[in-house]
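1. okay, sequence plus prediction incoming.
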Amino acid sequence: MERESENERWIWLSFAPEHRLILAAYAGSMTQNAADEIVKQTCTRIDEENLPLFVTDGRKYYKQALLDKYSYIAKFPKPGRRGRPQKPMQMPLPKLKYAQMVKEREGGEIVNIEKRIIFGSADEINDNDISTSYIERENLTLRQDNNRLTRKTIGYSKEDEWLQYHATLQMVHHNFVRTHDSLKKPDKKQIKGKVWGKYKKQTPMMSLGITDHIWTLKELLTFPYKKHQHIKGSAPKI
């Protein structure tokens with residue numbers, strides 16, 4: 001596996017596949033601090049009382065970021081005999097379920113795939129749910145639509161600030177404006193006594209129940225965001 005430089009910039013994504021929803025998009029380096037930030041942003045948008053299954057690739061940063069967020073310090077009693085007592089240990093909360101999809105590559109081709117359960121048990125985690133295919137497809141879409149991610153071009157992003165602005169705009173456009181065929185619902189209409197079977201297109205935010213219509217780009221760009229910032233807890237959590 002190629003060694004990744006901490007100076008490289010990445011778009012860190014968190015994704016709710018059942019709604020095709022981008023939960024967070026963070027432009028940062030390949031470091032523990034960046035992993036901590038994407039986990040922090042994600043956790044503000046999910047139901048922390050009923051945690052979902054977290055699935056990532058095999059990078060080490062996610063494990064520590066999740067453990068720092070959902071853990072407790074286990075203290076052990078003194079053994080009552082000579083010797084150094086066991087030090088307190090950071091332990092995951094029982095509700096934390098986390099698995100990794102580890103892909104081994106040789107010459108640019110995948111030669112092996114391993115599914116690892118990091119936190120939780122095999123009894124409570126469905127093997128079919130351990131997959132990163134949806135977010136990998138979303139990464140491809142982001143690269144196609146965002147010229148700032150295209151290397152060796154005049155549009156390639158040189159500054160983190162503007163890369164973050166573009167990633168945020170792309171995230172909200174994906175969630176509010178862009179429809180997804182996998183989210184469409186049957187919408188039968190009666191025309192002159194005949195029933196026509198049609199489908200109603202949906203955006204991720206419609207699927208989640210936060211909005212009831214497909215937003216236009218004008219509506220998105222002119223929405224009075226600051227007037228709604230004080231409203232907390234009004235949106236449902238994933």
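-> The structure has been received and is ready for your questions.
2. which stretches of this protein form strands?
-> Taking DSSP state E, the strands of the chain run over residues 9-16, 21-29, 53-56, 71-74, 89-92, 97-106, 109-119, 185-186, 189-191, 194-196, 199-200.
3. Lys152: which of those strands is closest?
-> When the strands of the chain are compared by C-beta to C-beta, strand 9-16 sits nearest Lys152, at 14.9 Å. The way it works is simple: take the backbone N, C-alpha and C, and place the C-beta from them, glycine included.
4. circling back: the strands of the chain into JSON lines, with extra columns for mean neighbour count?
-> JSON lines is the format used below for the strands of the chain (neighbours: other C-beta atoms under 10 Å):
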{"stretch": "strand 9-16", "mean neighbour count": "20"}
{"stretch": "strand 21-29", "mean neighbour count": "21"}
{"stretch": "strand 53-56", "mean neighbour count": "20"}
{"stretch": "strand 71-74", "mean neighbour count": "12"}
{"stretch": "strand 89-92", "mean neighbour count": "13"}
{"stretch": "strand 97-106", "mean neighbour count": "16"}
{"stretch": "strand 109-119", "mean neighbour count": "12"}
{"stretch": "strand 185-186", "mean neighbour count": "9"}
{"stretch": "strand 189-191", "mean neighbour count": "8"}
{"stretch": "strand 194-196", "mean neighbour count": "9"}
{"stretch": "strand 199-200", "mean neighbour count": "13"}
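5. list the helices and strands the lengthiest helix in the chain packs on?
-> Counting by DSSP state H, the longest helix found in the chain is helix 160-176. Helices and strands touching helix 160-176, by 3 or more C-beta pairs under 8 Å, 6 or more residues apart in numbering; DSSP states H and E, are strand 9-16, strand 21-29, helix 133-145, helix 204-208, helix 217-222.
6. now do that helix, average pLDDT.
-> Throughout helix 160-176, pLDDT has a mean value of 89.
7. cool, and stretch 45-64?
-> On average, stretch 45-64 scores 92.
8. distance to Glu49 added to the helices and strands packed on helix 160-176, as CSV?
-> As requested, these are exported to CSV (distance: least, C-beta to C-beta, whole Å):
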stretch, distance to Glu49
strand 9-16, 16
strand 21-29, 17
helix 133-145, 24
helix 204-208, 17
helix 217-222, 31
